[in-house]
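S.K.: return atomic coordinates for the entry below.
(one chain, ligands or ions: 1)
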Amino acid sequence: MNLILLGPPGAGKGTQAKRIVEAFKLVQLSTGDMLRAEVAKRSEIGRQAAAIMKAGLLVPDEMIDNLMDSRLDQEDCRNGFILDGFPRTLPQAAALDGMLTKKNMALDAVLPIQVDDEAMVQRISGRYTCAKCGEGYHDTFKRPKVAGVCDVCGAHEFTRRDDDKAETVRARLKAYHAQTEPIISYYRKRGIVHNIDGMLSIDGVTEQVMAALKEHVGAA
Ligand code: AMP
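M.R.: Residues are numbered from 1 along each chain as shown. Modelled structure (predicted):
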């Protein structure tokens, strides 16, 4: 089963993707994570992407298309994948179609997670993660049980993403509406879009996602 999760920053794509990965044994391909790894490695791509990401803008299509094209060639994608953060523009969606045809792969479902913009600003600007195990926390919605100590691994170090400041989040939301939202109608014409209400609880959203995917279970 090959899926795309769409939705503005903070919609819960990462959280839902992890649950879908577990339930269906797919691989999660997050272009944001791939780019952050390139930035950490200080590679050429990382150097070019860092300032763009910090401003909340989108990196050039060609850069991201090449990253995705080679990632999809890896063996683990053969059993199914979930795209989280790609495609984000119509040209990326067209490039993805070309890649999939060439690799003899197809998309089964596209799940746009729909949410309210201002709620997203509040959600994202409070989030942070454990620097050791990556467990996610939030200033308002999910604090560690003991202040300053990770519930999962006991570490004391936490990190916040550079682009999770309220002002940058607004720029990222703007980029989503202008450049990514049009992709939904691109896929709707093929009848593979299932709308998801992202304003429900995390479990409520997962329930909808699982219901939408039921008909695709068992697909290659
Ligand atoms: P994310 O973790 O998906 O929110 O991505 C973080 C940042 O990485 C975005 O704000 C963009 O600057 C960049 N990025 C991630 N995926 C893409 C993409 N498909 N196209 C362009 N830029 C991207």
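
S.K.: please count neighbours and contacts with C-alpha atoms only from this point.
M.R.: Fine.

S.K.: all strands for this structure, in order.
M.R.: With DSSP state E as the criterion, the chain has strands at 2-6, 27-30, 81-84, 109-114, 127-130, 136-138, 158-159, 196-197.

S.K.: tell me the residue furthest from the middle of the chain?
M.R.: The outermost residue of the chain relative to its centre, with distances by Cα atoms, centre = their mean, is residue 146 at 29.0 Å.

S.K.: quick revisit: tell me which of the strands of the chain lies nearest to residue 100.
M.R.: Closest of those to residue 100 is strand 2-6, at 10.3 Å (criterion: Cα to Cα).

S.K.: off-centre distance for stretch 129-139?
M.R.: Taking the mean of its C-alpha atoms, stretch 129-139 sits 17 Å from the chain's own mean (Cα atoms, centre = their mean, to the nearest Å).

S.K.: which residues are in contact with that stretch?
M.R.: Around stretch 129-139, the neighbours that count as contacts under Cα atoms under 8 Å, 6 or more residues apart in numbering are 123, 126-128, 143-144, 150, 152-153, 155-160.

S.K.: from those residues, list just the buried residues.
M.R.: For the contacts of stretch 129-139, a burial check counting by 16 or more other Cα atoms under 10 Å picks out 123, 126-128, 143-144, 150, 158.

S.K.: distance check, the closest residue in space to residue 166 that isn't next to it in sequence against the ligand.
M.R.: In space, and not counting its chain neighbours, residue 166 is closest to residue 125: 5.4 Å by Cα to Cα, 6 or more residues apart in numbering. Distance from residue 125 to the ligand, counting by Cα to the nearest ligand atom, to the nearest Å: 13 Å.
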